[in-house]
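Visitor: Quick one: sequence and predicted model below, then my questions.
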Amino acid sequence: MKLKGRAWVTGDDIDTDQIYHGQYLPITDPHEMAMHAMEYVPGMENFPREAKSGDLVVAGKNFGTGSSREHAVLCLQYLGISCVIAKSFSRIFFRNAVNLGFPVIECPGLSDTLKTGNVVEVDIDNGKITDLTTGESFQGIPASGLEKEIAGSGGLIEYLKKNAR
Amino acid sequence: MGLTFAEKLLAFKVGRESVQPGQIVEVSPDVAMSHDNAGLVIRQFRQIGVKKVWDPSKIVIPLDHRVPAESTKTANAHKSIREFVKEQGIASFYDVREGVCHQVLIEKGHVLPGMLALGTDSHTTSCGCVGAFGTGIGATEMAAVWATGKIWLRVPESIRVEVRGRFSEMVFPKDFILYLVGKLGAEGANYCSVEFHGPAMADIGIPGRFTICNLSMEMGAKNAVVPVDRVTTDFLKSLRVDVGKVSGKRVDPGKVSSIEVVAEKLGDGKTFHPDPDATYAREEIIDISVLVPQVACPHGVDNVKPVEEVEGTKIDQAVLGSCTNGRIEDLREAASIIAGKQVHPDVRMLVVPASRSVLLEGIRTGIITKLIEAGCVLVNPGCGPCLGAHEGILADGEVCIASTNRNFKGRMGSATSEVYLASPATVAASAITGRITDPRKVK
């Protein structure tokens, strides 16, 4: 499966409070949750209003560090973000994303030439990331094993339902 | 080849002689804890289509994040949780009165050495203070655990930290772990099991070990552990009394006797002491004798500096509490500094005991009185202002020093506010002067 969209580039150690602040945890309405996505990330205050369905988030190392809150994944998913590419992910964020069927690709070799607004294509199956604006491409780490099965099912709940049959 | 704590415990759980880092194992937890976000877990659980949880006796739910409810949304979530625990026969439900989930797990004896504990909270690593394997997971994953009793885990690489020396005056386990997080970085232990060893650990009690395992999360640890020793067994013996007295209705007799068994007959089969020839991804030796009070500066827990580098920074709020440092030892330390003095008029000093039992002991011993006389504001046991939900939100541009665990941008409120993390002693000393202060200069 290939995903294509505009990139929103952010830095290292973007934590779960910046992605989805603790004050909003009681919210359950998907649209309302989406409207707080990345609210505390400097420079991304307009992200929920300007992001288009299919856009991607591109981050540095340790994306999603901090809390176990799934809201950090859900707010991006609800906003229509198709995928997060990062140099590395925090453990729980990565696991939550897989369990919620939200594509995440680790790509240690991402280059700083990939800027906000560039159009990026991601091949989920083989991990190949292409910056269509600059023509550069990067090799990410595609999902494998159980992680791939869960992600491929659309998340843990769908995976369990499928395997219960 | 020898095994680490995590390898030994996970191998035991799957009935094998050994497991290797990187291997995926499917295991069943001994404890599956959730808190206010059980509301989300329940919604996901309903989606799976299973009617009953796999084992209600292994589920523990303390409400702590927003207690008592600060909004209608939270009130409705709490209500759905109360209904669910009744429907499912979950006996270990602690309503808004009890305290922070991690503290409750330990002081009520739900987590014992060698157990595998899962929690929908990243600081579940705290369970390692009694020699258990504790790790945080998301709500959907917990829903799957409640439905199936199973979870897949990747066997982690392990980091061995050898702790030597003795703390000098006004330096505490909080200072040590902040120093270590600063040294290894926010992802320095990502995916790893962190083990704490060395002669100094014998001098660090369960409260200090709790702080250490709790904050190990802030370098990405999957779990953190202090292997069982005399300190652990003495603590468990003392706990038996509390378990019987405080929560006889909630803890079944079998559990009480199991604490006795664990405390008195700890064999090497169940404590999963790492082998001397175990393989570690990284080894650190830290001499705590040379440590000075440490402060984690905005906006990262790994942005750690000796207190002297930030001394004099003006503060608006001081927070003493949380699962990291809200135990009686922490309150006592702060009170010893504050007693007879007054909190600076420009500072709001909030005291949030980690649990009801901590609060009760604080009242019995007069520690709470001393703190309130000095001008502190007492907040009910729970997470309080730690995650910026309620009870002490920071305004634009305000600065807070806290004994809590995170100082992410805007963590306690406004995106332009700042949080510094330090020991209870440094927090107390700073509250008196109105500026970040080295506690050695106040005493």
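Guide: Yep, that arrived.

Visitor: Now do the same for the residue of the stretch 151-300 of chain B found nearest chain A: helix, strand or coil?
Guide: As assessed by CB to the nearest CB, chain A sits closest to residue B:187 within the stretch 151-300 of chain B, at 4.2 Å. Using the backbone N, CA and C atoms, a C-beta is placed for each residue, glycine as well. Put simply, residue B:187 is coil when judged by DSSP: H, G, I helix; E, B strand; the rest coil.

Visitor: which residues touch it?
Guide: Listed by CB atoms under 8 Å, 6 or more residues apart in numbering or on different chains, the contact set of residue B:187 reads A:13, A:61, A:62, A:65, A:88, A:90, B:219, B:220.

Visitor: From residue B:176, how far off is the second one?
Guide: Looking back up the chat, that one is residue A:61. Spatial separation of residue A:61 from residue B:176 under the definition CB to CB, to the nearest Å is 25 Å.

Visitor: If you count surrounding residues, which of the two has more?
Guide: When residue A:61 and residue B:176 are compared for neighbours, residue B:176 comes out ahead with 26 against 21, by other CB atoms under 10 Å in any protein chain shown.

Visitor: pretty sure residue B:346 is in contact with residue B:432, am I right?
Guide: No: proximity of residue B:346 to residue B:432 does not meet the contact threshold set by CB atoms under 8 Å, at 11.5 Å.

Visitor: Those two: which has the busier surroundings?
Guide: Between residue B:346 and residue B:432, counted using other CB under 10 Å, the more crowded position is residue B:432 (21 against 11).

Visitor: three-state assignment of the residue lying closest to that one once chain neighbours are set aside?
Guide: Excluding the flanking residues, the one nearest residue B:432 by CB to CB, 6 or more residues apart in numbering or on different chains is residue B:341, at 5.2 Å. Classification of residue B:341 by three-state DSSP places it in coil.

Visitor: how many neighbours does residue B:341 have?
Guide: Residue B:341 is surrounded by 16 other residues when neighbours are defined as other CB under 10 Å.

Visitor: was I right about it contacting residue B:374?
Guide: Yes: look at residue B:341 against residue B:374 with CB under 8 Å: they come within range, at 6.0 Å.

Visitor: Tell me which residues of the lengthiest strand in chain A come out buried.
Guide: Secondary structure of chain A read by DSSP state E shows that its longest strand is strand A:2-9. Within strand A:2-9, the residues that qualify as buried are A:3, A:5, A:6, A:7, A:8, A:9, counting by 16 or more other CB atoms under 10 Å in any protein chain shown.

Visitor: which residues in the stretch 51-200 of chain B form helices?
Guide: If DSSP state H, counting those that start in this stretch is used as the criterion, the helices of the stretch 51-200 of chain B fall at B:72-88, B:101-107, B:139-148, B:173-184.

Visitor: so what secondary structure elements neighbour the third one?
Guide: What that stands for is helix B:139-148. Secondary-structure packing of helix B:139-148 (3 or more CB pairs under 8 Å, 6 or more residues apart in numbering or on different chains; DSSP states H and E): helix A:91-99, helix A:156-164, strand B:31-33, helix B:38-48, strand B:151-154.
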